[in-house]
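A.B. asks: dropping a prediction and its sequence here:
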Amino acid sequence: MLNIPALAAPVQAEATTEVDFVRMAALCPAVKQIVAQPCTLLFDGRAYTPDHRVECHGGAVSYWEVKLEKRFDDYRALFNQAAQYLHEQGERFYAISNVSLRFRQHHMHAELLHRYGK
């Protein structure tokens, strides 16, 4: 459970990549709230739950999936279905890999900012 003062409520993260995502997203001044496993979507009888819902102060909502790079291809069709469905609802969907998330060690900088920025 991550308790980040800038967010409206604590956020649950199941994996270290999700922790990194929450820390980085929380640094954006537009972000109001991050909710873990916010809903379940059904596609062709298959249930899918995005990792996080990000709400911004301006009202924008997006859904995020954090996945290991090596597993991306296994889920690409499901991600495309989620993106299409959420687009039809006026919301956005993003899937990000651990490689992209940890590019240039930005996740480490985010951890330090949260640790010392109290």
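C.D. replies: That came through, no problem. Residues are numbered from 1 along each chain as shown.

A.B. asks: check contacts around residue 30.
C.D. replies: Residue 30 makes contact with 56, 57, 58, 60 under the criterion Cβ atoms under 8 Å, 6 or more residues apart in numbering. For glycine as for every other residue, the C-beta is placed from the backbone atoms N, C-alpha and C.

A.B. asks: for it, phi and psi?
C.D. replies: In this entry, residue 30 is assigned phi and psi values of phi -80, psi -20 (degrees, to the nearest 10).

A.B. asks: now do it, the pLDDT please.
C.D. replies: According to the prediction, residue 30 has pLDDT 94.

A.B. asks: and the gap between it and residue 41?
C.D. replies: Residue 30 sits 25 Å away from residue 41, going by Cβ to Cβ, to the nearest Å.

A.B. asks: and what of residue 56?
C.D. replies: As it turns out, when the distance is counted by Cβ to Cβ, residue 56 lies 21 Å from residue 41.

A.B. asks: tell me where the chain is predicted with low confidence.
C.D. replies: Filtered on pLDDT under 70, the chain yields the residue ranges 107-110, 112-115, 117-118.

A.B. asks: report how many residues lie close to residue 37.
C.D. replies: For residue 37, the neighbour count with other Cβ atoms under 10 Å is 12.

A.B. asks: residue 71 now?
C.D. replies: For residue 71, the count of nearby residues is 11 (other Cβ under 10 Å).

A.B. asks: isn't there a helix covering it?
C.D. replies: Yes - the assignment for residue 71, made by DSSP: H, G, I helix; E, B strand; the rest coil, places it in a helix.
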